[in-house]
Structures are given as C-alpha cells and as structure tokens.
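> Everything below, folded, please.
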Amino acid sequence: MGKYFGTDGFRGEANINLTYDHAVKIGRFLGWYYGKRLNKKAKIVIGKDTRRSSYMFEYALCAGLTASGADAYIMHVTTTPSVSYIARTDDFDCGIMISASHNPYYDNGIKLVNEYGEKMDEETILKVEEYLDGNTEVPLAERNEIGRTVDYVEGRNRYIGYLISLSKYSFKGKKVGLDVANGAAWSIAKGVFDALGAKTYVINNEPDGFNINTGCGSTHIEGLQKFVVENGLDVGFAYDGDADRCLCVDEKGNVVTGDHIMYIYGLYMKERGKLANNTVVTTVMSNFGLYKALDKVGIDYAKTKVGDKYVYENMVTYGNRIGGEQSGHIIFTNYATTGDGILTSLKMMEVMQAKGKTLSELAAPVVFYPQVLKNVRVTSKPETQNDPDVQAAVQKVADALGDTGRILVRESGTEPVIRVMVEAESDGQCEKYVDSVIEVIKNKGYAI
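Below you'll find the model as predicted:
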C-alpha cells in the first residue's frame, strides 16, 4: 500500500483527507500519463455513487483529465463493477470509480482500474502518488490537444444488458427483495431483475446524497431480513454503496454470508465439472464452518490475506474461478474482474432455479462456528507478533483446538492494533482462548 492509496483506492473524509485538489491532480496525472505512454489522446471512463461529494470529485477529475488532454467519459451514478466492465470492453485506457463503498456519506474514495478492469498496478499508483507530492511535472494541454467530456450513460446501459444476458433462467414467479442501500445499485438492480421476470420489491432506493449505507444495505441487513419475512418473499439481496458486495437473506429471514455463497456456488460448479483446480479462494477471515463444509464435499480451498485484491491475485495466478470474502465480496473470474454484488445475486438465483431448492436449503450445510474477535492496541505490532511467549500462547491455543476450531492473530493494516480471533464450538471456549493470548500480550508490556 502507498501513502495515499490503500488496497481499495484513495479513501478519506471528503475535503478533509481526500480533497477536491487531490482529485484534480489525479485527473491531471492520469490524463497526461496515458496520453504520453500511448502517444495518443487518452480515453478514460468515470463512474460515481450517490454521495453528495461524488459530484464534486467527478467534476474535479474531469477538469484534471481534460486539462491534461484526455477525453473523460462520464457514466454518472453507477456501480464499481460496471466501471470495471466498461473499462475492459469499450477500449478505455483506464477507469475511475468515485466511491467509499460501505462507508458513511461524508467519506469518499477514488478507485482506479486498468484497461482490463482490474485494480491499478502498484507501479502506476506510486507514480500518481509522486505527482500528488509534487515530485513530477505535468504540462497543460493547449489548443486542439485539450480534452473533452462525453456523456456515457450508454456504458451503464450496456452493463445492464450484459448482466441480463448472463442469466440462464427466467425468474418468473419468484418474489425477490432488493436493498440497494440508497447507493449505486439504485439505478441498476431493479431493472435487471424485472427484465428476468421476477416480482421485485425494492427498499432504500431514494438516495439524497446523505443516506447512502445509513441503516441499510449489506452493513445493516436486519431491515431486509424483516422485509423478506413480512412480505413472504423467496429471497432478498443487500448491496453496499457501490454494489461490489452482496449479502443474501433466505426465505426464513436468515442471513446468507459470503462464505455461504462461496460454498453454494463452488459446489454447483463442482457438480457440473466447472470448478477449476477443485478450489475455492477465501481469505483468512472466512469462518471455520465454511472449511468444514467444503471438506465434506471434497472441495479444496486457498486462504489469502484479507482484501479482495489478494483474492483476485490468487485467482489470476493459479487459474481459480471463484473466490471472495465473508463480507459478500465475491469474484467470478469467468464473468468479471472484480466483486460484483448484482452478479452475485444473479448467480444465487441461478443455483436456486437449477436445483429447485430454497436458499435456506442450499446454505444449510455451512454451520458457522462461534467467533470472538478482540483488538489490542500495542506499542509495536511486529514486536508483539514475533515475541516467543506470545507465539507460544497462540500455539498452545491452536494445539488445544486441534481440528475443532482455529486461532488467528494478525496486524491491523491501518491502526496500531493486533487482532486476536478464535473460532470454536462454543462462545465460552472462544472467550477463554482469546483472553489467554491477550493476557500474555499485556503481561509482556506491549498493550497500550
């Protein structure tokens, strides 16, 4: 991770940590860099979510891009995966998404993707950061070299058509609930499900610039749970602000997480001979119950660091075809280069229709283990992690759990915090084992 850009873009509170000036400079650099590198006028596509500040950042990026000679194609309010799709299919040099995903409205972010719709490579990101720090000179375009903006709502429409084309089944007769989080899915999701024949019920679809993710969407799924049960729906899907995540609610009102989704679709692929390498790619934060369920059906799994970036890197490196995070960030590399919440919901509908089963029946084999996660603020994350006594305490817990649970101790990427997580057969065991490790950390003097 760089100085400004993390694993999911440059994110911060609008005009506090991430400012209008930052956006202008990012546009200035990208417009010049791609024009110079390719020896032609750069062509860059931009999308945004429904935050009030997204309009400001959209215009700032456009000003920077056109001032450096690039043409900026504006998709307006749209999802992160739609920008990735259009960047790779419509011959763009790169794409920009303005969103802070599941964060509150006052935060925002700038995500960059390359011409293949993948997250921008570190080398280019570092060059952007050098310019932000004033270490690179970028000339202004002049006369006929100055760029222009182009209304590109057709890109969003083409993405909607692509999603519809992926469905193998009609959803006629199915009652589907959608929580669009007052975010980017607001303008896309219902049209897709309507076109496929579902009777679609939508909530949190009145964005006002300030209510994105507020008490709704995948981070506050309890509203959708209640809505599905009260209206007798067959299934519900909840997205986050930029719709790259999806969590589900079954017909009984139970939450179906990203771990359940990976099991359900991974098994569906295996049964049809489509599961490359017989492997599902997870992060270390997936629940132990997922691994037990995969073991029972003979499916292998890989574990990466937390972050969809690392999941995707594994999938590309080894040719795996499904992976994701418990949070609902699911990647299907046959169809997309990033997590796509609406695509994920379509894939769950596909399995339900193909097998003639309810979502609760499909998810039943994944029985979540109780989990306790506690954070400890420490003086030094590396020293704490590498301390022999701390390591011995962790190993003692691992030995005690055996194959009935697991312990995970990892460093926060953004805070002076060590996270201690235990999954076991009971809440009491989890608490006991987590506290035993934290006690050693405190006794060694690392805790703040």
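
> Centre of the chain to stretch 65-74, how far?
Taking CA atoms, centre = their mean, to the nearest Å, the mean C-alpha location of stretch 65-74 is offset from the chain mean by 27 Å.

> Just grab the bridge partners of Val176 for me.
Here Val176 sits in beta bridges with Thr200, Val235, as judged by DSSP bridges.

> Does it touch Val235 like I think?
Yes. The pair Val176 / Val235 is scored as a contact, 5.8 Å apart, by CB atoms under 8 Å. In short, each C-beta sits where N, CA and C put it, glycine included.

> and for the two, which residues touch both?
Shared contacts of Val176 and Val235, defined by CB atoms under 8 Å, 6 or more residues apart in numbering, comprise Met349.

> In this protein, which residue is most central in space?
His329 (4.3 Å; CA atoms, centre = their mean).

> what's it in contact with, if anything?
The neighbourhood of His329, defined by CB under 8 Å, 6+ apart, consists of Asp244, Arg245, Gly258, Asp308, Val311, Gly339.

> Please report which of those residues has the highest neighbour count.
Asp244 (33 neighbours; other CB atoms under 10 Å).

> which residues does the residue lying closest to the residue nearest to the centre of the chain once chain neighbours are set aside contact?
The spatially closest residue to His329, leaving aside those adjacent along the chain, is Gly339, at 4.0 Å (CB to CB, 6 or more residues apart in numbering). For Gly339, the contact set (CB under 8 Å, 6+ apart) comprises Thr80, Pro81, Asp244, Arg245, Asp308, Gly324, Gly328, His329, Ile330, Ile331.

> Just the ones in helices from the contacts of His329, please.
Residues from those lying in helices, with DSSP state H as the criterion: Gly258, Asp308, Val311.

> Point out the least confident one among these.
Per-residue confidence across the ones in helices among the contacts of His329 is lowest for Asp308, with 91 (pLDDT).

> ok, so what distance separates it from Ser101?
11 Å (CB to CB, to the nearest Å).

> Quick check: neighbours shared by these two?
Counting by CB under 8 Å, 6+ apart, the shared contacts of Asp308 and Ser101 are Asp8, Asp244.

> How far off centre is the helix or strand hosting Cys248?
In the assignment (DSSP states H and E), Cys248 maps to strand 246-249. Between the mean C-alpha location of strand 246-249 and the chain-wide mean there is a distance of 13 Å, by CA atoms, centre = their mean.

> what packs against that strand?
Secondary-structure packing of strand 246-249 (3 or more CB pairs under 8 Å, 6 or more residues apart in numbering; DSSP states H and E): helix 222-230, strand 235-239, strand 255-256, helix 258-271, helix 341-355.

> 6 Å - rerun?
Counting by 3 or more CB pairs under 6 Å, 6 or more residues apart in numbering; DSSP states H and E, the packing neighbours recorded for strand 246-249 are helix 222-230, strand 235-239, helix 341-355.

> Give me the angle between the last one and helix 258-271.
Angle, helix 341-355 to helix 258-271, by axes from the mean of the first three to the mean of the last three CA atoms, to 10 degrees: 50 degrees.

> swap in the second one?
Here strand 235-239 runs at an angle of 120 degrees relative to helix 258-271 (the same axes, to 10 degrees).

> repeat for the first one
The directions of helix 222-230 and helix 258-271 differ by 60 degrees, with the same axes, to 10 degrees as the criterion.

> for helix 222-230, packing partners?
Checking 3+ CB pairs under 6 Å, 6+ apart, helix 222-230 ends up next to strand 175-179, strand 235-239, strand 246-249.

> what does the longest one give?
Packing partners of helix 341-355 (3+ CB pairs under 6 Å, 6+ apart): strand 246-249, helix 258-271.

> ok, 7 Å please
helix 153-166, strand 246-249, helix 258-271, strand 330-332, helix 359-363 (3 or more CB pairs under 7 Å, 6 or more residues apart in numbering; DSSP states H and E).

> who does the fourth one pair up with?
Looking at strand 330-332 with DSSP bridges, its paired strands and their directions are strand 322-324 (antiparallel).

> Check the average confidence over the partner strand, would you?
In the prediction, strand 322-324 has an average pLDDT of 98.

> again, but for stretch 9-18
Average pLDDT, stretch 9-18: 96.

> Distance across it, terminal residue to terminal residue?
Across its full length, stretch 9-18 reaches 11 Å between end residues, using CA to CA, to the nearest Å.

> Show me which positions of it end up buried.
In terms of neighbour count (16 or more other CB atoms under 10 Å), stretch 9-18 has its buried residues at Gly9, Phe10, Arg11, Gly12, Ala14, Leu18.

> Show me these that map onto strands.
In this view, these that belong to strands under DSSP state E are Gly9, Phe10, Arg11, Gly12.

> Give me the distance between the lengthiest helix in the chain and the centre of its chain.
The helix spanning the most residues in the chain, taking DSSP H as the definition, is helix 20-38. The chain centre lies 25 Å from the centre of helix 20-38; the measure is CA atoms, centre = their mean.

> what's the answer for stretch 426-446, then?
Mean C-alpha position of stretch 426-446 versus that of the full chain (CA atoms, centre = their mean) differs by 31 Å.

> what residues does that stretch touch?
Where contact means CB atoms under 7 Å, 6 or more residues apart in numbering, the residues beyond stretch 426-446 that reach it are 370-372, 374, 376, 378-380, 383-384, 387, 389-390, 393-394, 397, 407, 409, 418, 420, 422-424, 447.

> can you do 6 Å?
Residues lying outside stretch 426-446 but in contact with it, judged by CB atoms under 6 Å, 6 or more residues apart in numbering, are 370, 372, 374, 376, 378-379, 384, 387, 389-390, 393-394, 397, 420, 422, 424, 447.

> Give the rounded mean pLDDT of that stretch.
If you average the per-residue pLDDT over stretch 426-446, you get 96.

> ok, and for it, which residues are buried?
Of the residues in stretch 426-446, those buried by neighbour count under the rule 16+ other CB under 10 Å are Gln429, Cys430, Tyr433, Val434, Ser436, Val437, Ile438, Val440, Ile441, Lys444, Tyr446.

> any low-confidence regions in the chain?
1, 413-414 (pLDDT under 70).

> Map the structural domains onto the sequence of it.
Per automatic domain parsing, the domain ranges recorded for the chain read 5-157, 167-363, 371-443.

> Could you check the angle the longest helix of the chain makes with strand 9-13?
Going by the same axes, to 10 degrees, helix 20-38 makes 170 degrees with strand 9-13.

> From the contact counts, what lies against helix 20-38?
So helix 20-38, by 3+ CB pairs under 6 Å, 6+ apart, packs with helix 52-67, helix 122-132.

> Packed most tightly, which of those would that be?
Mean neighbour counts were compared across the helices and strands packed on helix 20-38 using mean count of other CB atoms under 10 Å; the top stretch is helix 52-67, at a mean of 22.

> Okay then, goodbye and thanks.
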